[in-house]
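Q: Provided below are the primary sequence and the corresponding predicted coordinates.
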Amino acid sequence: MIDALAAEWLKIRTLRSTLIVLVVLAVFVGLMALLAVYAATAWDAMSPEQRSRSAVSDLAPLTEWVASLAMAVLGVLTITGEYGTGMIRTTFAAMPARSVVLTAKAGVVAAVSYVSGLAAVVATFAVSRLIIGDRPIPGQSAEPFADRLPLFLAMALSITMFALIGLFLGTLTRSAAGSIAILVAVWYLIPIVVNHLPAPWHERIGSLVPSALTGQLAGTGNPDSVYGSLLSPPVALAVMAAYVAVPYGLAALRVTRRDA
Amino acid sequence: MWCVIEVSELTKRYGSAVAVDRLTFHVKPGQVTGFLGPNGAGKSTTMRVVLGLDRPTSGRVLVNGRRYAEMRRPMREVGALLDAGAVHGGRTALDHLRWLARSNGIGSDRVVSLLELVGLAGVARKRIRTFSLGMKQRLGIAAALLGDPGVLLFDEPVNGLDPDGVRWIRELMRGLAAEGRTVLLSSHLMSEMERTADHLVIIGRGRLIADTSVGELVGRFQRGVLVRSPRAGELADLLKARGATVVTEPDGRLTVSGLDAGEIGDLAAGRGIPVHEVTSLTTSLEDTYMRLTAGSAAHASSPERTAR
């Protein structure tokens, strides 16, 4: 397992696609900083009456949302890049224990996505706090960092969940395009569709979609969003684990049963 | 004799297509075994099963007495080059070999020395995407040799190589076998094997056609010895008396089978019969191979076959 982890770590950090995904994420954090600058300057020019009618949404969840997709794509490419080139056969000839390879890949994808996801949301928070300062813009939280940290940790966990779903979808479909299409549906389309379900189902199912779990896990709920918030933090964590464990089981079964 | 690779009653079906059909053969150490057959004969499938990449439908393959899939660090026992293109083009040659080495607990000093051995040291930090097919073959050979394995499998390794590269591979294979390693080398060209292999396993349509040494195969299709002598009748009687089959050709020459050219010459000399010509009628290995595999090519171009 140590050998497999070390080998997969070498693989993921010697791929240009890893670098590209991380750069995309960093650029997005930069965009969030620009948005904060825009909000701050606009705020300064506003009359008190305009100020009472304006609001700027919290920026860290936006970064979380984008990082989820970016890391899911990284997860997909980690495996479909091997199936697409045929390198998977080189990998399995070098490491015949295929479920160990899959687990090692999951380990490095999880580490990369957790660390970079956490860095991205914390950077977004820090930069926007620095730029907005003590302006009481509605929608901007004034809580200190320590109080917000649990939410950021939950965000990083959710980003990791998406990355692993991407990895296992890629393993199951062996196709980057197919996997990314499914991911975009899970990440963007399904929550919108669910939100249009009649009550109480939009709330019930809306609490179970993957992106709804962060707020429920952190105990903040999901105010002003398409997501429901019926789950307690432990249940949200269990659902999150299931979103990883079920695809993992299917992918492990598939990878060991089928010819490479 | 002790065998390193044992293929026993191996059958592999893909849906209804039978790729390998009850194939049994053994590969011994210290020699180059040529694995021959027309395209689609099942060579690559067999090699994939040896490496545990494809699961046999029935039968089994053992390497050093074990299933490949049970080996924890297989590259230290078995090195293989199946498809030189099966690499990620975005990685450098150095990084590709580094992860492979790490996966089997092989030191990175091996990576450097192998890049030098295969002549890729100068392009070690270039992306594999920019490599020619010949360079990818060399990289694949470096990967196969990384763990200093006793067993080596190469699937069509000279494809895409220039004449210098072909000779380099041939000498490398011979050298590896001379060190006592087991080398299984597949090809669809007999001409390649003639100078490289000691032993031949020939398959067609997934079935074993021949499992023989190169010398035996030549002998099997020996068509006899052509002899010209002014005293042909007398010589014919002499040779028949020694158990040879003699046919008198219309031009008076004799076609002799059952005795080789040296024996015929000695017998003639013993009786003082002058001999003007003694020619061994050998069939080239290429012809022999074509004859053996005739009808078993997966995509034959004979008219009867296409008419059906």
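A: On my side now, so go ahead. Numbers count the residues shown, from 1 in each chain, chains lettered A, B, ... in the order given.
Q: Quick check: closest non-adjacent residue to the residue of the stretch 51-200 of chain A found nearest chain B.
A: In the stretch 51-200 of chain A, the residue found nearest to chain B is A:Gly86; the distance is 3.6 Å by Cβ to the nearest Cβ. Where you see a C-beta, it was placed from the backbone N, CA and C, and this is true even at glycine. Spatial nearest neighbour of A:Gly86, chain neighbours left out: B:Ala86 (3.6 Å); criterion: Cβ to Cβ, 6 or more residues apart in numbering or on different chains.
Q: what about that neighbour, neighbour count?
A: When neighbours are counted by other Cβ atoms under 10 Å in any protein chain shown, B:Ala86 registers 19.
Q: Tell me how far the most centrally placed residue in chain B lies from A:His196.
A: The centroid of chain B falls nearest to B:Gly34 when counting by Cα atoms, centre = their mean (1.4 Å). Separation of B:Gly34 from A:His196 (Cβ to Cβ, to the nearest Å) stands at 67 Å.
Q: So what touches the helix or strand where B:Leu267 lies?
A: Per DSSP states H and E, B:Leu267 falls inside helix B:261-271. For helix B:261-271, contacts defined as Cβ atoms under 8 Å, 6 or more residues apart in numbering or on different chains pick out B:225, B:227, B:229, B:234-235, B:238-239, B:242, B:244, B:256, B:259, B:274-275, B:278-280.
Q: ok, then the element right after that helix?
A: strand B:277-280.
Q: What pairs with that following strand, parallel or antiparallel?
A: strand B:225-228 (antiparallel) (DSSP bridges).
Q: which residues make contact with the partner strand from outside it?
A: With Cβ under 8 Å, 6+ apart, strand B:225-228 has contacts from B:235, B:249, B:252-257, B:259-261, B:264, B:268, B:275-281.
Q: Selecting buried members of those residues in ChimeraX, what would you type?
A: Only the buried entries of the contacts of strand B:225-228 go into this ChimeraX selection, using 16 or more other Cβ atoms under 10 Å in any protein chain shown:
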select /B:235,253,254,255,256,259,260,261,264,268,275,278
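Q: hang on, isn't B:Ala19 packed against B:Met47?
A: No: in this structure, B:Ala19 is not within contact of B:Met47 by Cβ atoms under 8 Å, at 11.5 Å.
Q: picking that back up, how about the residue nearest to the centre of chain B, nearest residue that isn't a chain neighbour?
A: B:Ala197 is the one closest to B:Gly34 (Cβ to Cβ, 6+ apart), at 3.2 Å.
Q: neighbours around the one you found, how many?
A: So B:Ala197, with other Cβ under 10 Å, has 27 neighbours.
Q: before we move on, what about B:Ser113?
A: Neighbour tally, B:Ser113, other Cβ under 10 Å: 13.
Q: Three-state assignment for it, please.
A: Under DSSP: H, G, I helix; E, B strand; the rest coil, B:Ser113 falls in the helix class.
Q: Kindly state the pLDDT recorded for it?
A: pLDDT for B:Ser113: 95.
Q: Give me the distance between it and B:Gly107.
A: With distances taken as Cβ to Cβ, B:Ser113 is found 10 Å from B:Gly107.
Q: just A:Ile132 next, same as before
A: Distance of A:Ile132 to B:Gly107, computed by Cβ to Cβ: 53 Å.
Q: what's the answer for B:Lys136, then?
A: For B:Lys136 relative to B:Gly107 (Cβ to Cβ), the value is 24 Å.
Q: How about A:Thr214?
A: A:Thr214 is 44 Å from B:Gly107, by Cβ to Cβ.
Q: more crowded one of these two?
A: A:Thr214 (28 against 10).
Q: Quick check: the more buried one touching A:Met155?
A: Yes: using Cβ under 8 Å, A:Thr214 is in contact with A:Met155, at 5.3 Å.
Q: what is in contact with those two at once?
A: Taking Cβ under 8 Å, 6+ apart as the contact rule, A:Thr214 and A:Met155 both touch A:61, A:64.
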